[in-house]
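Undergrad: Starting from these lines, generate the structure:
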Amino acid sequence: MTQTSQPLALVIGATGGLGGALADRLVTAGWRVRALNRNPDLARPGSPDLEWVKGDAMVEADIVSAAQGAQIIVHAVNPAGYKNWAGLLMPMLNNTIAAARASGALILLPGNVYNYGEDALPLISETSPQTPISRKGAIRVQMELALRAAAEDGVRSLIVRAGDFFGPKLISGSWLTQGLLKPGRPATAVTYPGPLEIPHAWAYLPDLAETFVRLLDKDLAPFEVFHFQGQQVTGRELVEALEIAAERKLPVRRLPWFVLIAISPFNEMLREMLEMKYLWDRPVLLDNSRLVVKLGAEPRTALPVAMQAALAGMGSLPAEGLRAAA
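TA: Here you go, the predicted model:
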């Protein structure tokens, strides 16, 4: 297949977790992938198979230009450290909508569970009420409403909602790497944010990326939302999988939320994390029955295998474990 005959995808946020995983999977599927970045020369060595272009997600003209000829636009960009969601997320999405309107591209958006309050728990379906209790959740609802409204004007979008992301590469915004474990050193203990007996939804990024790619081959409505079940396990089951991957027992410590509360007035990221505490106090499960009807089955890697890949990517396996993962 020549480059000109390949379908083109624009990925905004290709240096992030889901953006990077989806970019890699699209390349494997035969897509030509263009990645937007404010510093493409810095980003290129990490993903040399992508076509890096200079641009800013906050500049509409940059997105419209980069999306020329694209069949899909992956909108996977988020401000680092939860900073200024209110000022950045909607303007960036509006720019993507403008680019999709100009190019005719389908927008792919990774969804999360921030949209839901406690009234939607424990099992969240596509029709569950979206009554967020956090500022971030309210913004995510606003984003999805904007895409639904754009669909009435001919701009198509596909949302796949999943739980907490983790993957085979170091992801700065993941609870696994920012809360449970310390990257860059062998795993010796786990700091868990909630009761160990409560189930929680996790999404292994290669599986989630595979789900997006498979859905591209299906007939889709102008505005589609599917829920990805992923790894729905208790904290105890997650720790057991980490122990299998690390080949050692891992003592469990409770996340000291009271300490976070005390210092949160001086740290924006901690304030934003505290808003999500309710998602660790209650079971959070995603109903994927609609997705299974569409695909036949949900892509899913065995949890110990996924955790070994994640620990390897974090640099948290001993040397012999890194050789086995490779």
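
Undergrad: What segments of the stretch 1-150 of the chain are strands?
TA: Using DSSP state E, counting those that start in this stretch, the strands of the stretch 1-150 of the chain run over 8-12, 32-37, 51-54, 72-75, 106-111, 123-124.

Undergrad: which residues touch the closest residue to R185 other than its chain neighbours?
TA: Residue nearest to R185 in three dimensions, not counting chain neighbours: S316, with 6.5 Å by C-beta to C-beta, 6 or more residues apart in numbering. Just so you know, the C-beta spots here come from the backbone N, C-alpha and C atoms, and that holds for glycine as well. Residues counted as contacts of S316 (C-beta atoms under 8 Å, 6 or more residues apart in numbering) are L181, K182, P183, G184, R185, P186, A187, A246.

Undergrad: Same question for A189.
TA: Counted by C-beta under 8 Å, 6+ apart, A189 has contacts L250, P251, V252, R253.

Undergrad: Can you tell me the SS state at the nearest residue to L22 once chain neighbours are set aside?
TA: Counting by C-beta to C-beta, 6+ apart, L22 lies nearest to A209, which is 4.4 Å off, once chain neighbours are set aside. With DSSP: H, G, I helix; E, B strand; the rest coil as the basis, A209 sits in helix.

Undergrad: how many neighbours does A209 have?
TA: Neighbours of A209 under the rule other C-beta atoms under 10 Å: 28.

Undergrad: A21 is in contact with that one, correct?
TA: Yes. Under the criterion of C-beta atoms under 8 Å, A209 makes contact with A21 at 4.2 Å.

Undergrad: so S174 makes contact with G163?
TA: No. Assessed by C-beta under 8 Å, S174 is found out of contact with G163, at 11.1 Å.

Undergrad: what's the helix or strand for F165?
TA: In this assignment (DSSP states H and E), F165 forms part of strand 164-166.

Undergrad: pLDDT on that strand, on average?
TA: Regarding strand 164-166, the rounded mean pLDDT is 95.

Undergrad: So what touches it?
TA: With C-beta under 8 Å, 6+ apart, strand 164-166 has contacts from 17-18, 171, 173-177, 200-205, 208, 306, 310.

Undergrad: just to revisit the earlier point, measure the residue nearest to L22 to R300 for me?
TA: 13 Å (C-beta to C-beta, to the nearest Å).

Undergrad: Name the helix or strand for V305, please.
TA: Here V305 sits within helix 303-314, counting by DSSP H and E.

Undergrad: buried sites along that helix?
TA: L303, A306, M307, Q308, A309, A310, L311, A312, G313, M314 (16 or more other C-beta atoms under 10 Å).

Undergrad: Show residues contacting stretch 291-310.
TA: So stretch 291-310 is contacted by 160, 166-168, 176, 204, 206-207, 210-211, 214-215, 218, 226-231, 233, 237-238, 241-242, 244-245, 288, 317, 321, 324-325 (C-beta under 8 Å, 6+ apart).

Undergrad: First-to-last residue distance for that stretch?
TA: Distance between the boundary residues of stretch 291-310 (C-alpha to C-alpha, to the nearest Å) amounts to 25 Å.

Undergrad: and the angle from the helix or strand harbouring E237 to helix 303-314?
TA: E237 is located in helix 235-246, with elements delineated by DSSP H and E. With axes from the mean of the first three to the mean of the last three C-alpha atoms, to 10 degrees as the basis, helix 235-246 and helix 303-314 are set at 60 degrees to each other.

Undergrad: Alpha carbons of helix 235-246, in CSV - could you do that?
TA: Taking Å, rounded to 0.1, in the frame of the first residue of the first chain, the C-alpha atoms of helix 235-246 are listed here in CSV:
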residue,chain,number,x,y,z
GLY,A,235,-8.0,-4.1,45.0
ARG,A,236,-6.9,-7.5,46.4
GLU,A,237,-7.1,-9.1,42.9
LEU,A,238,-5.1,-6.2,41.5
VAL,A,239,-2.4,-6.6,44.1
GLU,A,240,-2.3,-10.4,43.4
ALA,A,241,-1.8,-9.7,39.7
LEU,A,242,1.0,-7.2,40.5
GLU,A,243,2.6,-9.9,42.8
ILE,A,244,2.6,-12.4,39.9
ALA,A,245,4.1,-9.9,37.6
ALA,A,246,6.7,-8.7,40.1
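
Undergrad: what's the offset of the helix or strand just after that helix from the middle of its chain?
TA: Remark: after helix 235-246, the chain's next helix or strand is strand 252-254, criterion DSSP H and E. Chain-centre distance of strand 252-254: 25 Å, with C-alpha atoms, centre = their mean, to the nearest Å.
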